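Asker: sequence first, predicted model second:
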Amino acid sequence: MNTRIALATSLIALLSTGIAVAGDHEIRILHITDRVGDVDNFHPGDASDIPRRSAAIVQALALSETTPAELDEARSNRSVGFTHAFDLPAAGQITGAVLTVRVTSADELVSTDVLILDPGVRAYNEARLDFPRTNLEHLLGFKPVAGVIYDLKVDLSHVPVVYSDYFPLQPDGFLNLLPELADGRLDVLTGDDVMVDASRLTVHVAVPCSGRKCSDDRGEDKGGAHHDD
Ligand SMILES: [Ca+2]
Ligand SMILES: [Ca+2]
Ligand SMILES: [Ca+2]
């Protein structure tokens, strides 16, 4: 559902979007969704289980020296890598984004699993040992265990990360990854005992509009190669 915010209605609302609007233009918030894979309770072997992969993801998977797993493949010590993609509207400003990855594992070592996103994938490909990674434990608030399905939810404006090869109770810090979405791409790499059912990226984009344009496309779920809901 698109949200229409009139310029005159509330300065607070405008500030909260982080958008500077000149003249009498209004802004409209688009909610763009991209899906990778299908939510089919980890049913392997489907065409949708072979995800889109950027060159950086392909390189990272090659460096990990294991055979990468496709979606819905049940394996330990194998990473899953994929790339979300969407079209950023002209003059659009990203105001928020959420990544939701549905995972499970048969391996108790899932307790130490991580997600690695854009800057982490780049640093990993540069063979840096301090590449930023996100402990599943910090996303969930507890250690994941085998045999349970988790919907990992990542607020991309405030991503908990660790930089060292240890497992602190608290993250080393938080990263705002919204600027990483300006290229319309988000790389996702798992390490390395989860299987991935599906992943969804939702990006909130403020675009200038005027008159009828502000009410066009209401409720439209733009973008994404898969429409499985
Ligand atoms: Ca499947
Ligand atoms: Ca990116
Ligand atoms: Ca699936």
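Answerer: Yes, it's here. Ligands and ions are numbered 1, 2, ... in the order given.

Asker: any part of stretch 136-156 near ligand 3?
Answerer: No - figure legend: stretch 136-156 not in contact with ligand 3 (C-beta under 5 Å from the ion); closest approach 11.1 Å. Quick note: C-beta positions are derived from backbone N, CA and C, even for glycine.

Asker: between the two ends of that stretch, what distance do you get?
Answerer: Start-to-end span of stretch 136-156 (C-alpha to C-alpha, to the nearest Å) is 14 Å.

Asker: quick one: contacts of that stretch?
Answerer: 96-108, 110-111, 113-115, 117, 134, 160, 162, 167, 170-171, 176-178, 180-181, 186, 194, 197 (C-beta atoms under 8 Å, 6 or more residues apart in numbering).

Asker: what comes up buried for it?
Answerer: Using 16 or more other C-beta atoms under 10 Å as the test for burial, stretch 136-156 gives 136-139, 144, 150, 152, 154-156.

Asker: before we move on, what about stretch 102-119?
Answerer: Under 16+ other C-beta under 10 Å, the buried positions of stretch 102-119 are 102-105, 107, 110-119.

Asker: and what of stretch 160-180?
Answerer: By neighbour count with 16+ other C-beta under 10 Å, stretch 160-180 contains the buried residues 160-163, 171-172, 175, 177-178, 180.

Asker: near ligand 2, from those residues?
Answerer: By C-beta under 5 Å from the ion, the members of the buried residues of stretch 160-180 lying near ligand 2 are residue 180.

Asker: columns distance to residue 77 on top of the buried residues of stretch 160-180, output as CSV?
Answerer: Output for these, formatted as CSV (distance: C-beta to C-beta, whole Å):
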residue, distance to residue 77
160, 24
161, 22
162, 20
163, 22
171, 24
172, 24
175, 26
177, 26
178, 32
180, 27
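
Asker: no further queries at this time; thank you.
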